[in-house]
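Asker: got a structure for you, letters missing:
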């Protein structure tokens, strides 16, 4: 969070200058929230790019990735995710990879809540004499259009981080991390291009985002990783150290959590299809993940229709 506190204002200042140059001074005055989000997405782009490179460097030659990254061929393939469990060595690179991922995902959930809600204290006695809760929550102006989906995604992701670390399923966890990080890079690029209203660049980034999302989150995750969890995870019991009852007890937890991630990915992909339809038909780039009802295309302030909406 300290690093973000230093970098995001710097990145936001770059967005301010770029927005002023592209849209004019009046746009800058009306879009302070959007400028702040620009800094956030530059930070995300830097993180996802760096952690993707680190993940590829760490795992390209591992047997569970060998088919996909061009590493040495392995007869085990994804079976190596579970083979010889729980005596699989956990290398220092994997430990640091997990620590960085855990820190980022926990911080991302906290940041999502901070950006989504305004918290105010109020007297327990209301004006009409009735009792009321001392804390009042309202939607913030910076709330995402897909807050509910993103919040569920963060909760599920952090449960998977904690669970896979505790039960030593770090190999599976590292695969899930990597397909998410690689596919997030074009997402961040698309948001930044849309901020600048570079339509050709936005269209190119959007196309690459859809294609990479299809390969990573809608193919590799469900049909490689999830398939292995469903049909190969019994190998944890193969060497006799793990009683089968433990596999029967804990497997459904991971099956449900990863299944929820996959469902969310299909929901977001349907959102991408709608965004692409509007982009092709009207030539307008609407980021529906930020704005449920689309974005204003002129110089008017960008809003999302959730102002002063009471939560509790």
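Answerer: Here it is on my side, so go on. None of the values given here were measured: they were computed from a predicted structure.

Asker: Residue 266 is in contact with residue 218, isn't it?
Answerer: Yes: counting by Cβ atoms under 8 Å, residue 266 does reach residue 218; the two are 7.1 Å apart. Every residue, glycine included, has its C-beta placed from N, CA and C.

Asker: In terms of neighbours, single out the busier of the two.
Answerer: Using other Cβ atoms under 10 Å, the more surrounded residue of residue 266 and residue 218 is residue 218, with 18 against 12.

Asker: Just read off the phi/psi values of that one.
Answerer: Main-chain dihedrals, residue 218, degrees, to the nearest 10: phi -110, psi 0.

Asker: just how off-centre is stretch 271-284 within its chain?
Answerer: With Cα atoms, centre = their mean, to the nearest Å as the basis, stretch 271-284 stands 22 Å off its chain's centre.

Asker: Name the residues of it that are buried.
Answerer: Under the neighbour-count criterion of 16 or more other Cβ atoms under 10 Å, stretch 271-284 has 271, 272, 275, 276, 279 buried.

Asker: now do stretch 2-13
Answerer: 4, 7, 8, 11, 12.

Asker: Output the contacting helices and strands for the helix or strand harbouring residue 53.
Answerer: Using DSSP states H and E, residue 53 sits within helix 32-59. Judged by 3 or more Cβ pairs under 8 Å, 6 or more residues apart in numbering; DSSP states H and E, the packing partners of helix 32-59 are helix 2-23, helix 92-116, helix 170-196.

Asker: Now render the buried residues of stretch 271-284 as CSV, adding distance to residue 64.
Answerer: Shown next, in CSV, are the buried residues of stretch 271-284 (distance: Cβ to Cβ, whole Å):
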residue, distance to residue 64
271, 31
272, 28
275, 33
276, 33
279, 37
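
Asker: Between the residues you listed, which sits nearest residue 166?
Answerer: residue 271 (32.9 Å; Cβ to Cβ).

Asker: Looking at whatever helix or strand that closest one lives in now, give me its mean pLDDT.
Answerer: In this structure, residue 271 is located in helix 244-282 according to DSSP H and E. On average, the pLDDT along helix 244-282 is 90.

Asker: cool, stretch 22-42 as well?
Answerer: 77.

Asker: neighbouring contacts of that stretch?
Answerer: 7-16, 18-20, 111, 141-142, 188, 191-192, 195-197, 290, 299-302 (Cβ atoms under 8 Å, 6 or more residues apart in numbering).

Asker: Report the buried members of those residues.
Answerer: 7-8, 11-12, 15-16, 18-19, 141-142, 188, 191-192, 195-196, 290, 302.

Asker: contacting residues around the closest residue to residue 54 other than its chain neighbours?
Answerer: Nearest residue to residue 54, sequence neighbours excluded (Cβ to Cβ, 6 or more residues apart in numbering): residue 97, at 6.7 Å. Contacts for residue 97 (Cβ under 8 Å, 6+ apart) come out as 51, 54, 55, 58, 174, 177.

Asker: Of the residues you listed, just the buried ones, PyMOL syntax please.
Answerer: Applying 16+ other Cβ under 10 Å to the contacts of residue 97, the buried members can be selected in PyMOL as follows:
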select buried, resi 51+54+55+58+174+177
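
Asker: could the contacts of residue 97 be laid out in a markdown table, adding distance to residue 25?
Answerer: Output for the contacts of residue 97, formatted as a markdown table (distance: Cβ to Cβ, whole Å):
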| residue | distance to residue 25 |
| --- | --- |
| 51 | 37 |
| 54 | 40 |
| 55 | 42 |
| 58 | 46 |
| 174 | 47 |
| 177 | 42 |
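
Asker: quick check, nearest of the contacts of residue 97 to residue 82?
Answerer: residue 174 (13.7 Å).

Asker: hang on, residue 119 in a strand?
Answerer: Yes: under DSSP: H, G, I helix; E, B strand; the rest coil, residue 119 falls within a strand.

Asker: That one and residue 135: what is the separation?
Answerer: Between residue 119 and residue 135 the computed distance is 6 Å (Cβ to Cβ, to the nearest Å).

Asker: where in the stretch 101-250 of the chain is pLDDT low?
Answerer: Along the stretch 101-250 of the chain, segments meeting pLDDT under 70 span 129.
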